[in-house]
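>>> here are the coordinates; sequence isn't available:
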């Protein structure tokens, strides 16, 4: 039985595809991955978060970018497409393969899915840490009210907290503002939680 080797792309192949396509792709190790096609809930959460942050930061010269902006990640070159990036400083860009990529985000946000959740919490977080300006990481679940907030202190130590109440907020120190979970999940309908077996009406029937 013969197997067909996986096609390997060069960086130049990738840059040419990025320059001519309306979709978003990421490149790693000779492979190209299509980053388009998110769920309606995913897009709603991102839209809500962008709107909430813009309202909180209006007039302060901060910058909020949704997922079409490329971000240089030194440990995972050439660049990535986070769901949201933000900073309250002058944005700096580097031209990579003819395309501008942001190099100094302070906040990165990813909306989790079943297929990418472990990667966003693990390897991707490790790669993002290679960005010098990176101070906060927000992981937002889309199927339930749950936000994981990672923040780096002056000793370069990362701490985290989990927020899962719609009436709570998370304080983003890199932007000096509060982000309400109620705003993040506006218009989102969560699937009903499964009923534990011991609480089902027929739990005692045989």
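That came through, no problem. None of the values given here were measured: they were computed from a predicted structure. Residues are numbered from 1 along each chain as shown.

>>> Just the element for residue 16, please.
helix 11-20 (DSSP states H and E).

>>> Which elements pack onto that helix?
Helix 11-20 is packed against strand 25-28, strand 31-34, strand 99-102, with contacts defined by 3 or more C-beta pairs under 8 Å, 6 or more residues apart in numbering; DSSP states H and E. Bear in mind the C-beta positions are built from the backbone N, C-alpha and C, glycine included.

>>> What are the boundaries of the helices in the chain?
According to DSSP state H, the chain carries its helices in the segments 11-20, 40-57, 117-121, 123-128, 181-184.

>>> rewinding a little: reformat the helices and strands packed on helix 11-20 as CSV; add distance to residue 59 and mean neighbour count.
Converted to CSV, the helices and strands packed on helix 11-20 look like this (distance: least, C-beta to C-beta, whole Å; neighbours: other C-beta atoms under 10 Å):
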stretch, distance to residue 59, mean neighbour count
strand 25-28, 34, 17
strand 31-34, 38, 12
strand 99-102, 22, 17
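
>>> if we can go back for a sec, so which residues make contact with the helix holding residue 16?
Defining contact as C-beta atoms under 8 Å, 6 or more residues apart in numbering, one finds that helix 11-20 is touched by 25, 27, 32, 78, 97-99.

>>> a markdown table please, covering those and showing distance to residue 86 and pLDDT.
Below are the contacts of helix 11-20 laid out as a markdown table (distance: C-beta to C-beta, whole Å; pLDDT from 0 to 100):
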| residue | distance to residue 86 | pLDDT |
| --- | --- | --- |
| 25 | 23 | 89 |
| 27 | 24 | 90 |
| 32 | 27 | 89 |
| 78 | 21 | 93 |
| 97 | 24 | 89 |
| 98 | 25 | 88 |
| 99 | 20 | 88 |
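
>>> Tell me which helix or strand in the protein has the weakest average pLDDT.
helix 117-121 (a mean of 62; mean pLDDT, DSSP states H and E).

>>> hang on, the earlier thing: Throw the contacts of helix 11-20 into CSV and include distance to residue 42, thanks.
Converted to CSV, the contacts of helix 11-20 look like this (distance: C-beta to C-beta, whole Å):
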residue, distance to residue 42
25, 18
27, 22
32, 21
78, 24
97, 27
98, 29
99, 24
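
>>> Show residues contacting stretch 92-104.
With C-beta under 8 Å, 6+ apart as the criterion, stretch 92-104 contacts 11-12, 14-15, 18-19, 65, 69-72, 78-79, 85, 87, 89, 91, 131-133.
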